[in-house]
Each structure stands twice: as structure tokens, then as C-alpha cells.
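> Here you go, sequence then predicted model.
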Amino acid sequence: MLEPLHTFSFGPLTVTMEMLFFLLGTAFGYAIIHYYLKRLKVNVREEFLDSVLMGIVIGVIFYKFWPFLLEPSLLLDLRNILYFAGGPYASYGAIGIGFLYLIFQGYRKKWPYHCWDSLLFGTVSMLLFYSLCVKAYGAPTPFSFGFTVENTVYHPVNVYMTWLYLLLLGVSIFLVSPKVKYARTAVLLIGMVFIHLLVSPFSI
């Protein structure tokens, strides 16, 4: 697992591990959506995937400029655009604004429920990929299991989330029928909210 704030550079562009694996996780989630729709032979697959791709672009732009929404003074030096991205709750905000775009498009185009099932599967898969790769430090813990920094052990929040996302995907795949309209969408959406509430006491 990698440190979220470790960086590397492409010429003048500096990228954190947090941003890199957010992008890689997004690509992984998109691939899951594509596979799910192809497997079920959904006839609006290409149209839906185009909208998902646009939602991803909107989310990535939001994620990139999140620090500037929190601290507009950073824009006084335009070079900061190369160095800053992400931050507290940036991934949730990016996912949220991407979802709002897709909800608007879905309302207009009346997509079938399989599209929404695939979208939630892709979102949980993205979060699983990110949690598996990038450390998330929680509050200090009295137990020996966790991430140690200067002799203090912290809750490994991303490890908790990884197992919970795996469990959620397993339940959705093996216990919820794809033939029941919006059942998988509901289970995945409720599961994501439940996971967030469950790990929040251990988070900083």
C-alpha cells in the first residue's frame, strides 16, 4: 500500500499517489461497467458508456480543482494548478458531481435499470481498487494492528474499507438477482452509505 501524499513528477506536472490511483481506479470502474453491460447485452450500452465517460471527465476536473474551491487564493499563482489536486473529501465530491450528471442524463434518456446496476458496480469496484492500493490513516488505536508513525499506531481505515467493499460486492453478485429491477442498485447504494457510517468513527 502506498502513501497518499507521495508524489512523482512528469516534467513540470506533479502527481500524488492519491490522484494517480483515483484515476487508475476510475479506469478500472469504467472497465467493470463495460463488462457488466456487455455480458447482459444491454442495447443502449454505447450511449450509456459515452455518458459515463463524460461524467468521469467532469469528476476528474472537479477532483483536480478541489483545492482551489477550498482555497481560492491558490489561483493567485497559476503555477499552483500544476502542483495541487484532491484533498479531504475530494473523491466523494468528484463521484457525487459525476453521479448528478448521469442522473440528469438518465432522466432525459430513460435508461434501463441494468445501466444503474452497472454504474454502482463500477463505483464500488473503483473504491475497492483505491482502498486496496492507497493508505488511509485513521484515529490512533490501542491495538498493535495498523499503520505505525513515530511509535503511534493508527487505524488502517482503507483496510477496513477494502474488506467491506469486497463483502458488499459478494453479496450483490451472489445473493441479489439481476432480474429484480433496481435491487442491485439499492443494495450497493445502501451498502456504500453503511460502510461510510461504519468506518467514520475510526477516521480522522
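Everything's here; your move.
> need the longest helix for this structure.
helix 45-70 (DSSP state H).
> residue closest to the middle of the chain?
Nearest residue to the geometric centre of the chain (CA atoms, centre = their mean): L127, 4.1 Å.
> Nearest spatial neighbour of H114, chain-adjacent residues omitted?
Nearest residue to H114 in three dimensions, chain neighbours excluded: V42, at 4.9 Å (CB to CB, 6 or more residues apart in numbering). For glycine as for every other residue, the C-beta is placed from the backbone atoms N, C-alpha and C.
> before we move on, what about I56?
T26 (5.6 Å).
> Contacts only, for that neighbour.
56, 59-60, 126 (CB atoms under 8 Å, 6 or more residues apart in numbering).
> related to what we said a few turns ago, buried residues of the longest helix of the chain, list them for me.
45, 48-49, 51-52, 55-56, 58-60, 62-68 (16 or more other CB atoms under 10 Å).
> Check stretch 120-140 too.
For stretch 120-140, by 16+ other CB under 10 Å, it's 120-138.
> Next, the contact list for T14, please.
With CB under 8 Å, 6+ apart, T14 has these contacts: 7-8, 82-83.
> if you look at the residues you listed, which of them are in helices?
Going by DSSP H, the helices hold 82-83 from the contacts of T14.
> Neighbour-wise, which one of the contacts of T14 leads?
Neighbour counts for these, by other CB atoms under 10 Å, peak at Y83, which reaches 16 neighbours.
> Once you drop chain neighbours, what's closest to that one?
Leaving aside its chain neighbours, Y83 sits nearest to T14 (5.0 Å; criterion: CB to CB, 6+ apart).
> all strands for this protein, in order.
Taking DSSP state E, the strands of the chain run over residues 7-10, 13-16, 137-140, 147-149, 152-156.
> As TSV, these with distance to T162 and mean pLDDT would be great.
TSV is the format used below for those (distance: least, CB to CB, whole Å; pLDDT from 0 to 100):
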stretch	distance to T162	mean pLDDT
strand 7-10	23	73
strand 13-16	20	74
strand 137-140	13	92
strand 147-149	14	91
strand 152-156	9	94
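> now the nearest residue to D117 once chain neighbours are set aside: how far from W116?
In space, and not counting its chain neighbours, D117 is closest to R184: 4.3 Å by CB to CB, 6+ apart. Distance of R184 to W116, given as CB to CB, to the nearest Å: 8 Å.
> which of the two has more neighbours?
Counted by other CB under 10 Å, R184 and W116 do not tie: R184 has more neighbours, with 24 against 21.
> Would you agree the more buried one is in contact with L119?
No - using CB atoms under 8 Å, R184 is not in contact with L119; the gap is 10.3 Å.
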